[in-house]
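Undergrad: From the sequence below, what's the structure:
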Amino acid sequence: MTGVGSPTVRVVGLDPSLASFGVATISTNPTSTQITTDQLHTHPDTGIFFRLDYLHERVLQVTAGADLVVIEGLAFSRVTGMAAERAGLWWLLAHRLWFDGTPTAVVGPRARAKYATGNGNSKKPDVVAAMRLRFPRTHLAGNDAADALVLASMGCRALGQPVDFGVDAKCMASFNAVRWPTQRDRFPIYQEAS
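TA: A predicted model of the protein is given here:
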């Protein structure tokens, strides 16, 4: 855990998607915080291998040197297109983060929504609204970036440098259910809070 007077920590939140991949980066210390959000887009016409390669390379650039990466777990219960390809992207990234020794936590979609709003069944507009309230000065690149910002803010809290205040007990129940990495177990795969 990081304490007062600690150096800057950098946390990256990832909301994986082939079409609109949400990324949020928070660099924080006791005196300043910098937040950026982005959405990485690929088009189906470019072919799956080019899409996977592009997203893999871009995400690795962002996560290099991060103190913690928080990635949204796969939504197995959702009926959405290209489930196998999305799972492939997720495991490609997860393997690389593990291989690089990057401390990583996995947060399920319901846990992410619950941390943002207090309700695990919240829809994307509700999460965006909640993140705009918590981070009024932060530009949100879109709803996937807002999801990534939720994950990154959870990671900052896990490192002892919370950047979102006024988080209520319902939201904290979701945070406390996450299996956060330790020095010995830097990538507690695959166990996510739902």
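
Undergrad: Spatially nearest residue to residue 59, not counting backbone neighbours?
TA: residue 93 (5.9 Å; CB to CB, 6 or more residues apart in numbering). (Each C-beta comes from the backbone N, C-alpha and C, glycine too.)

Undergrad: any idea how far whichever strand or helix holds that neighbour is from the chain center?
TA: Using DSSP states H and E, residue 93 maps to helix 83-99. Computed by CA atoms, centre = their mean, to the nearest Å, the chain-centroid distance of helix 83-99 equals 14 Å.

Undergrad: Who are the packing partners of that helix?
TA: Under the contact criterion of 3 or more CB pairs under 8 Å, 6 or more residues apart in numbering; DSSP states H and E, helix 83-99 touches helix 48-63, strand 68-72, strand 104-107.

Undergrad: Residues contacting the first one, please?
TA: Yep, that's helix 48-63 we're talking about. Helix 48-63 has contacts (CB atoms under 8 Å, 6 or more residues apart in numbering) with 12, 14, 16, 18, 21, 23, 25, 40, 42-44, 46, 69, 85, 88-89, 92-93, 96-97, 102.

Undergrad: tell me the average confidence for that helix?
TA: The average pLDDT for helix 48-63 rounds to 96.

Undergrad: Between strand 68-72 and it, find me the angle.
TA: With axes from the mean of the first three to the mean of the last three CA atoms, to 10 degrees applied, the angle from helix 48-63 to strand 68-72 works out at 140 degrees.

Undergrad: got the CA coordinates for helix 48-63 in CSV?
TA: Extracted in CSV, the C-alpha atoms of helix 48-63 (Å, rounded to 0.1, in the frame of the first residue of the first chain):
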residue,chain,number,x,y,z
ILE,A,48,-9.7,-9.8,-37.1
PHE,A,49,-6.0,-10.3,-37.0
PHE,A,50,-5.2,-6.7,-37.9
ARG,A,51,-7.7,-5.5,-35.3
LEU,A,52,-6.2,-7.7,-32.6
ASP,A,53,-2.7,-6.7,-33.5
TYR,A,54,-3.5,-2.9,-33.5
LEU,A,55,-5.4,-3.1,-30.2
HIS,A,56,-2.7,-5.3,-28.6
GLU,A,57,0.1,-2.9,-29.6
ARG,A,58,-1.7,0.3,-28.6
VAL,A,59,-2.8,-1.1,-25.2
LEU,A,60,0.7,-2.3,-24.4
GLN,A,61,2.1,1.2,-25.1
VAL,A,62,-0.4,2.6,-22.5
THR,A,63,0.2,-0.1,-19.9
